[in-house]
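Participant: next comes the sequence, and after it the predicted model I'd like to discuss.
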Amino acid sequence: MKHRLLILAASCLLSTSALAANGDWSGWYVGIHAGHASGDADARASLGGQWSIESQGLRDDVTNGWSSSFDPSDSTYGLQFGVLHQFANGFVLGAELDHSQMHFEESRSTGPQPTATFPSLTYDFGNTIDVDSKMSLRARFGYASGQHLFYLTGGVARVDADASASVASNGNYLKRGVASETLDATEIGAGYEYDFGNQWSLRAEYIRTDADDFSYDTAYLAGSSFVTPAYTETFRQSLEFDSFRIGLSYRF
């Protein structure tokens with residue numbers, strides 16, 4: 001009886017190992033990922049209020065000098081949790097929830113710069129963008145060939161981002177605007193995953209994130225000589241970025 005039980009247990013272990021080695025992708029999984037993210041973040045200034053009485057040349061100097069185009073980049077890392085189902089024909093369908101820490105940012109300060117219209121008038125323009133974290137829910141659709149899985153992915157995300165804009169002139173025009181937003185975004189990507197045959201798998205993937213634009217206004221700082229009549233500035237900020245990352249998952 002004991003010998004039969006040992007033979008049965010060994011048979012079950014062997015069949016399970018063979019199934020894993022053949023790349024059975026169905027089931028739940030949890031894992032970690034790390035990589036690099038780089039983006040495009042454009043801030044465009046528009047002027048209102050008392051700026052309408054100023055010359056077109058000065059308005060152009062301010063909007064062109066204060067608008068910015070950034071290419072922030074840094075490392076990214078996080079966790080993923082998901083489920084896959086493999087069909088008999090090899091196609092795989094699933095869903096994944098992940099959270100990534102981003103921490104990529106960029107800033108600039110022009111220093112006092114004379115305007116082309118009035119060379120005696122200088123402005124020091126500043127801008128920042130900081131992407132803190134991202135959470136996404138994506139579908140995964142691919143094809144499995146044994147231990148190899150090739151897939152496409154797409155879904156929605158929420159991105160936490162901060163932005164700011166500041167200005168100081170030699171005429172003591174002092175203003176600053178700050179925004180802290182949680183942005184809706186769409187994601188698409190592609191990847192490859194390898195099954196080691198022991199419930200562990202390793203992936204390499206590319207994800208493109210396109211976040212919604214957002215706007216924010218500036219306000220006068222304490223000590224500014226200009227308070228009224230009101231000059232107003234609004235910034236429209238765009239954000240999109242690419243993530244290249246490696247992930248390790250455990251299926252259970």
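Facilitator: Happy to help now that I have it.

Participant: now stretch 86-104: buried residues?
Facilitator: Gln86, Val92, Leu93, Gly94, Glu96, Asp98, Ser100, Gln101, Met102, Phe104 (16 or more other Cβ atoms under 10 Å). Placement of C-beta: from N, CA and C, glycine included.

Participant: which residues in this structure form helices?
Facilitator: 2-21, 56-66 (DSSP state H).

Participant: tell me what the last one is packed against?
Facilitator: The elements that helix 56-66 packs onto, with contact taken as 3 or more Cβ pairs under 8 Å, 6 or more residues apart in numbering; DSSP states H and E, are strand 27-49, strand 122-145.

Participant: among those, which comes closest to Asn170?
Facilitator: Asn170 sits nearest to strand 122-145 of all those, at 4.7 Å, using Cβ to Cβ.

Participant: adjacent strands (with direction) for that closest one?
Facilitator: strand 91-109 (antiparallel), strand 113-114 (antiparallel), strand 148-169 (antiparallel) (DSSP bridges).

Participant: which one, of these, ends up nearest to Asp217?
Facilitator: Asp217 sits nearest to strand 148-169 of all the strands paired with strand 122-145, at 9.5 Å, using Cβ to Cβ.

Participant: in the closest one, what's buried?
Facilitator: Buried residues in strand 148-169, counted by 16+ other Cβ under 10 Å: 149, 151, 153-155, 157, 159-161, 163-169.

Participant: mean pLDDT for the helices of the chain: which is lowest?
Facilitator: Among the helices of the chain, helix 2-21 carries the lowest mean pLDDT, a mean of 37.

Participant: any weak-confidence spans in the stretch 1-150 of the chain?
Facilitator: 1-23 (pLDDT under 70).

Participant: sorry, back to before: possible to save the strands paired with strand 122-145 as JSON lines with distance to Ser55?
Facilitator: Below are the strands paired with strand 122-145 laid out as JSON lines (distance: least, Cβ to Cβ, whole Å):
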{"stretch": "strand 91-109", "distance to Ser55": "25"}
{"stretch": "strand 113-114", "distance to Ser55": "15"}
{"stretch": "strand 148-169", "distance to Ser55": "16"}
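
Participant: ok, which of those strands comes nearest Ser69?
Facilitator: Closest to Ser69 of the strands paired with strand 122-145 is strand 91-109 (Cβ to Cβ; 10.0 Å).

Participant: now that closest one, how far from the centre of its chain.
Facilitator: On the basis of Cα atoms, centre = their mean, to the nearest Å, strand 91-109 sits 5 Å off its chain's mean C-alpha point.

Participant: got the angle for it vs strand 27-49?
Facilitator: Strand 91-109 and strand 27-49 meet at an angle of 30 degrees, taking axes from the mean of the first three to the mean of the last three Cα atoms, to 10 degrees as the criterion.

Participant: partners of Val92 in the sheet?
Facilitator: Gln86, Gly142.

Participant: do Val159 as well
Facilitator: Lys134, Leu183.

Participant: does it really touch Phe104, like I thought?
Facilitator: No: the pair Val159 / Phe104 is not scored as a contact, 11.5 Å apart, by Cβ atoms under 8 Å.

Participant: anything in contact with each of these two?
Facilitator: Contact criterion Cβ atoms under 8 Å, 6 or more residues apart in numbering; residues shared by Val159 and Phe104: Val131.

Participant: coming back round to it: which one of the helices and strands packed on helix 56-66 is the most hemmed in?
Facilitator: Ranked by mean neighbour count under mean count of other Cβ atoms under 10 Å, the helices and strands packed on helix 56-66 are led by strand 122-145, which reaches a mean of 19.

Participant: number of nearby residues for the nearest residue to Ala179 once chain neighbours are set aside?
Facilitator: Nearest non-adjacent residue to Ala179, counting by Cβ to Cβ, 6 or more residues apart in numbering: Tyr216, 3.7 Å away. Using other Cβ atoms under 10 Å, Tyr216 has 19 other residues around it.
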